[in-house]
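# Fold the following and give me the result.
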Amino acid sequence: MIGYVTVGTNDLPRAAKFYDAIAAEMGTGRMMEFETFIAWGTPGGGCGIAATKPYDGQAATVGNGVMVAIEARDAAQVDKLYAIALANGGTDEGAPGARGDGFYAGYFRDPDGNKLNAFVMG
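Prediction:
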């Protein structure tokens, strides 16, 4: 149902470093790039993510209660994505672990403060 998700950034090169590392672990890369916008994903391959400087020229801010969830292939990849996020300027929002019956997730923020998680169900 969701085509792609966009998060705001005030420092596109810093965001690019963070999302390049996350995308590489997910087996994808940049699919579109402009001066103020980079999108990662595979055309025709499902949901992608983009980092952009806001169109209105105002500072990017974090949405309260907004989170992007990245579906991992297994718990080991959740752990790896969480570690990659922290190694590339991300901050901890909840270490990987079981979060109820059949749900395993790790929560982190990107360098601009946008909240993400890596998860697996089942």
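# Confirm that residue 69 sits in a helix.
No. If the criterion is DSSP: H, G, I helix; E, B strand; the rest coil, then residue 69 is strand and not within a helix.
# Can you tell me how far it is from residue 2?
10 Å (C-beta to C-beta, to the nearest Å). Placement of C-beta: from N, CA and C, glycine included.
# I am assuming residue 37 contacts residue 50, so please confirm or correct that.
Yes. Contact criterion C-beta atoms under 8 Å: residue 37 and residue 50 qualify, at 6.2 Å.
# These two - which one has more neighbours?
In terms of neighbours (other C-beta atoms under 10 Å), residue 50 is the more surrounded of residue 37 and residue 50; the figures are 21 against 15.
# Any idea what the nearest residue to that one once chain neighbours are set aside is bridged to?
Closest residue to residue 50 apart from its sequence neighbours, by C-beta to C-beta, 6 or more residues apart in numbering: residue 39 at 3.9 Å. Note on residue 39: beta-bridge partners by DSSP bridges are residue 32, residue 50.
# repeat for residue 109
Going by DSSP bridges, residue 109 forms beta bridges with residue 91, residue 115.
# What is the neighbour count of it?
For residue 109, using other C-beta under 10 Å, the count is 19.
# list the contacts for it?
62, 90-91, 93, 115-116 (C-beta atoms under 8 Å, 6 or more residues apart in numbering).
# and what of residue 80?
Taking C-beta under 8 Å, 6+ apart as the test, what residue 80 contacts is residue 25.
# Now do the SS call for it.
Residue 80 ends up helix, using three-state DSSP.
# and it, how far is that from residue 90?
For residue 80 relative to residue 90 (C-beta to C-beta), the value is 13 Å.
# same question, residue 5
16 Å.
# higher neighbour count, those two?
The neighbour comparison of residue 5 against residue 90 (other C-beta under 10 Å) goes to residue 90, with 22 against 18.
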